[in-house]
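Q: Please work out how this folds:
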Amino acid sequence: MPSSSSDSDEVLRKALLRGLFQNTARRDPSGTYVTFDGHQTVSIHPSSALCGKKPDTIMFYEIVMTTKVYVRCVTAVDSSWLTEVVPDHFAAAAKSAVEKKGKEKEGTSQKKEKKASRMVSVSTLRK
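A: Okay, here's the model as predicted:
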């Protein structure tokens, strides 16, 4: 049994996360949130207690579409909980993101190598 209220808050949020894991979003550099599933840009609803605060990762219960797409019934969650609580879902997503970054880096290094070889070719032509 949890020993303090913060422990019980964490236990409760992790239990909710197990059921609402598809309703999670991460803050992007612009300050808005992007859902993990669907990659939809959302904002915290102005009536939320978290409005104006900028937690890195949130879980929400409801999406409200007005002039903007808002999320309501929002709480902050620790991003490490995602792979801890729902490893099958988020471990696969994390793995594909790492693979994608690896491919992007690989593509960038290949472009640099091509550019370097072109530069060498041009400099040999000038001689």
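Q: can you give me the strands for the protein?
A: Using DSSP state E, the strands of the chain run over residues 24-27, 33-35, 41-44, 57-65, 69-76.
Q: Could I get those strands in a markdown table, plus columns for mean pLDDT?
A: Formatted as a markdown table, those follow (pLDDT from 0 to 100):
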| stretch | mean pLDDT |
| --- | --- |
| strand 24-27 | 96 |
| strand 33-35 | 96 |
| strand 41-44 | 96 |
| strand 57-65 | 96 |
| strand 69-76 | 95 |
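Q: To residue 9, which of those lies closest?
A: Closest to residue 9 of these is strand 69-76 (CB to CB; 9.1 Å). Where C-beta positions appear, they are placed from N, C-alpha and C, glycine not excepted.
Q: Give me the residues contacting the closest one.
A: Defining contact as CB atoms under 8 Å, 6 or more residues apart in numbering, one finds that strand 69-76 is touched by 13, 16, 23, 25, 33, 40-48, 50, 53, 55-64.
Q: at 6 Å instead, please
A: 13, 42-45, 48, 50, 55, 58-64 (CB atoms under 6 Å, 6 or more residues apart in numbering).
Q: Could you turn the buried ones of the residues you listed into a PyMOL selection?
A: Filtering the contacts of strand 69-76 down to the buried ones (16 or more other CB atoms under 10 Å) takes a single PyMOL command:
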select buried, resi 13+42+44+45+48+55+58+59+60
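Q: can you list the strands of the chain in a markdown table and add distance to residue 86?
A: Shown next, in a markdown table, are the strands of the chain (distance: least, CB to CB, whole Å):
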| stretch | distance to residue 86 |
| --- | --- |
| strand 24-27 | 9 |
| strand 33-35 | 14 |
| strand 41-44 | 20 |
| strand 57-65 | 11 |
| strand 69-76 | 16 |
